[in-house]
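Quick one: sequence and predicted model below, then my questions.
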Amino acid sequence: MSITDSLDRMNKPNKEHTRIGIMGGTFDPIHYGHLVIAEQIRCEYNLEKVIFIPAGTPPHKSNLRVTDSKHRYFMTILATITNPYFEVSKIELESEEVSYTIHTIEKLKKVYREDTDLYFITGADAICELDTWKNVERLTKLCKFIAATRPGLERSQVDAKINELKETYNASIGKIDLPALAISSTDIRNRIREGQSIKYLLPEPVEYYIYKNNLYKEV
């Protein structure tokens with residue numbers, strides 16, 4: 001089955017199953033790029049809702065300084081509050097463990113009914129490294145994946161990796177091309193440190209929260 005056929009199959013509404021999107025990330029800070037990805041995928045995949053899950057202690061950023069979880073949580077709330085289809089969960093922030101995706105999905109599987117399909121939303125670059133994730137074989141049995149492409153990635157390389165993951169783990173992975181939004185949390189933090197404007201890169205309530213709490217000004 002081709003990637004296009006797989007995407008079409010995943011997009012077909014299933015009246016017997018609830019479809020929930022999972023959007024994980026450090027959200028340090030959350031910005032319009034995150035929101036655009038989540039909303040477009042929600043519509044394309046007929047998701048009932050998208051749950052934003054700020055990471056507690058992300059394994060891939062263990063050597064980097066991450067802003068206090070309470071700030072990242074509040075910013076995510078402020079950014080998503082006007083969308084009735086968006087929710088924010090503390091499931092990783094309340095855990096003292098390193099935030100492995102497999103642990104989060106296992107916990108969510110216990111919360112929702114067995115007929116709930118979980119769609120983990122991530123970047124196509126992360127999908128290319130999926131086979132390095134903890135317990136990837138079990139993870140691909142518990143949830144489906146949606147890879148969002150971005151400018152600069154070689155599509156043929158992404159397609160080849162997705163096919164490899166499907167063959168190796170029987171993984172359910174869809175791919176979606178999204179608008180080119182050249183926004184990143186790293187760039188926003190750098191702009192703040194350098195005294196540059198961050199207006200229109202993220203929701204105004206988040207911008208206000210950052211300045212009110214003097215976030216990202218330290219080098």
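Sure, I can see it.

now the helices for the chain?
Under the criterion DSSP state H, helices of the chain are mapped to 3-11, 32-44, 69-80, 101-111, 124-127, 136-142, 155-169, 185-193, 204-212.

Turn those helices into a markdown table, columns for mean pLDDT, mean neighbour count and distance to Phe86.
All C-beta atoms are positioned from the backbone trio N, CA, C, and that covers glycine. Below are the helices of the chain laid out as a markdown table (pLDDT from 0 to 100; neighbours: other CB atoms under 10 Å; distance: least, CB to CB, whole Å):
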| stretch | mean pLDDT | mean neighbour count | distance to Phe86 |
| --- | --- | --- | --- |
| helix 3-11 | 40 | 14 | 20 |
| helix 32-44 | 95 | 18 | 7 |
| helix 69-80 | 97 | 20 | 4 |
| helix 101-111 | 95 | 16 | 16 |
| helix 124-127 | 91 | 20 | 21 |
| helix 136-142 | 97 | 17 | 22 |
| helix 155-169 | 94 | 15 | 26 |
| helix 185-193 | 96 | 16 | 18 |
| helix 204-212 | 98 | 16 | 14 |
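
For Ile176, which of these is the nearest?
For those, the distance to Ile176 is smallest for helix 32-44, at 6.0 Å, taking CB to CB.

Give me the angle between that closest one and helix 185-193.
Relative orientation of helix 32-44 versus helix 185-193 (axes from the mean of the first three to the mean of the last three CA atoms, to 10 degrees): 150 degrees.

Which secondary structure elements does helix 32-44 sit against?
If contacts are counted by 3 or more CB pairs under 8 Å, 6 or more residues apart in numbering; DSSP states H and E, helix 32-44 sits against strand 18-25, strand 49-54, helix 69-80, strand 116-123, strand 144-148, strand 173-176.

Kindly reformat those as JSON lines containing distance to Ala160.
Listed next are these as JSON lines, based on distance: least, CB to CB, whole Å:
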{"stretch": "strand 18-25", "distance to Ala160": "25"}
{"stretch": "strand 49-54", "distance to Ala160": "28"}
{"stretch": "helix 69-80", "distance to Ala160": "34"}
{"stretch": "strand 116-123", "distance to Ala160": "17"}
{"stretch": "strand 144-148", "distance to Ala160": "13"}
{"stretch": "strand 173-176", "distance to Ala160": "12"}
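
closest to Leu93 out of those?
Minimum separation from Leu93 across the helices and strands packed on helix 32-44 (CB to CB) falls at helix 69-80, 4.6 Å.

Perfect, I'm done here.
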